[in-house]
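> Next one to model:
(chains A and B)
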Amino acid sequence: DMKVTQMPRYLIKRMGENVLLECGQDMSHETMYWYRQDPGLGLQLIYISYDVDSNSEGDIPKGYRVSRKKREHFSLILDSAKTNQTSVYFCASSWDINNQAPLFGEGTRLSVL
Amino acid sequence: GEQVEQRPPHLSVREGDSAVITCTYTDPNSYYFFWYKQEPGASLQLLMKVFSSTEINEGQGFTVLLNKKDKRLSLNLTAAHPGDSAAYFCAVRDTEGADRLTFGKGTQLIIQP
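Predicted coordinates for the structure are as follows:
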């Protein structure tokens, strides 16, 4: 069953704490994404990964970093989280965007207090 | 880079009526488009992917029209029913950034009984 799994689903952190959001897929997709979704802003691309250790900044990478050491796993890291990073974070993956639309995970709701 | 404008941000129609959501994009070379549906608190589900070679695509209860001359993509729901209440997002594949999607800001559609 094709699925993108995100952990945790809900997270509350204090400002200044480190945050780790995890994403996994079992379809051997090469390309993985991290987006954030805020009301009225749609989805904004944070980072895109084309394969292991092949990551590229998206439109809003500031304050975030990523790690992809295995093809099936893509992590989003917030070092010293800020209150304006409160958002819903979506991970997605695709094999080849010309043949397959990105498949999205269920999202992680992050609150930074 | 690509810019996508989606209208309207909010739309309310009565059950059985039609609803139209429109996206305009800026890159005349764009050739691959997506429509996603997002129910409250849920992930994004692919409704349809559209190649620029096909101007009309039909799904279950909806039609997607692509006007390449005007750089406009529209989602037309016919005979809306309560299950159509959701947020809808268009997305356009960037021609410059490999595998990147640029999303519209979304339309919140409410179907009134």
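> in the chain, what spans have low per-residue confidence?
Because you didn't say which chain, this covers chain A. Scanning chain A for pLDDT under 70 picks out A:97-99.
> Chain B, not that one
Within chain B, the stretches with pLDDT under 70 are B:53-54, B:96-98.
> Now name the helix or strand holding the residue of chain B found nearest chain A.
Chain A sits closest to B:Lys105 of chain B, with a gap of 4.0 Å, by CB to the nearest CB. In this view, the C-beta of every residue, glycine as well, is placed from N, C-alpha and C. Under the criterion of DSSP states H and E, B:Lys105 resides outside all helices and strands.
> Run a quick neighbour tally on the closest residue to it other than its chain neighbours.
Closest residue in space to B:Lys105, ignoring its immediate chain neighbours: A:Gly42 at 4.0 Å, by CB to CB, 6 or more residues apart in numbering or on different chains. Using other CB atoms under 10 Å in any protein chain shown, A:Gly42 is surrounded by 20 other residues.
> Contact partners for A:Gly42?
B:6, B:89, B:103-106 (CB atoms under 8 Å, 6 or more residues apart in numbering or on different chains).
> and with 10 Å instead?
A:Gly42 makes contact with A:35-36, B:4, B:6, B:87, B:89-91, B:102-106, according to CB atoms under 10 Å, 6 or more residues apart in numbering or on different chains.
> ok, the residue most central in space within chain A - contacts?
Central residue of chain A (CA atoms, centre = their mean): A:Trp34, 2.9 Å from the mean position. By CB under 10 Å, 6+ apart, the contact set of A:Trp34 is A:6, A:21, A:23, A:44-49, A:55, A:58, A:61, A:64, A:66, A:74-76, A:89-92, A:105.
> Quick check: it vs A:Gly107, distance?
According to CB to CB, to the nearest Å, A:Trp34 and A:Gly107 sit 11 Å apart.
> Same check on B:Gly16?
B:Gly16 is 32 Å from A:Gly107, where distance means CB to CB.
> swap in A:Thr5?
For A:Thr5 relative to A:Gly107 (CB to CB), the value is 11 Å.
> Overlap of the contact sets of those two?
With CB under 10 Å, 6+ apart, A:Thr5 and A:Gly107 have common neighbours A:Cys91.
> circling back: compare B:Gly16 and A:Gly107 and say which is more crowded by neighbours.
Legend: neighbour count by other CB under 10 Å for B:Gly16 and A:Gly107, higher for A:Gly107 (23 against 11).
> which residues touch A:Arg71?
A:25, A:27-30, A:32, A:49, A:51-52, A:93.
> Now tabulate these in CSV and tack on distance to chain B, secondary structure and neighbour count.
Listed next are these as CSV, based on distance: CB to the nearest CB, whole Å; DSSP: H, G, I helix; E, B strand; the rest coil; neighbours: other CB atoms under 10 Å in any protein chain shown:
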residue, distance to chain B, secondary structure, neighbour count
A:Gln25, 13, strand, 22
A:Met27, 15, coil, 16
A:Ser28, 16, coil, 9
A:His29, 11, coil, 22
A:Glu30, 9, coil, 17
A:Met32, 10, strand, 28
A:Ser49, 10, strand, 24
A:Asp51, 11, strand, 12
A:Val52, 16, coil, 14
A:Ser93, 11, strand, 27
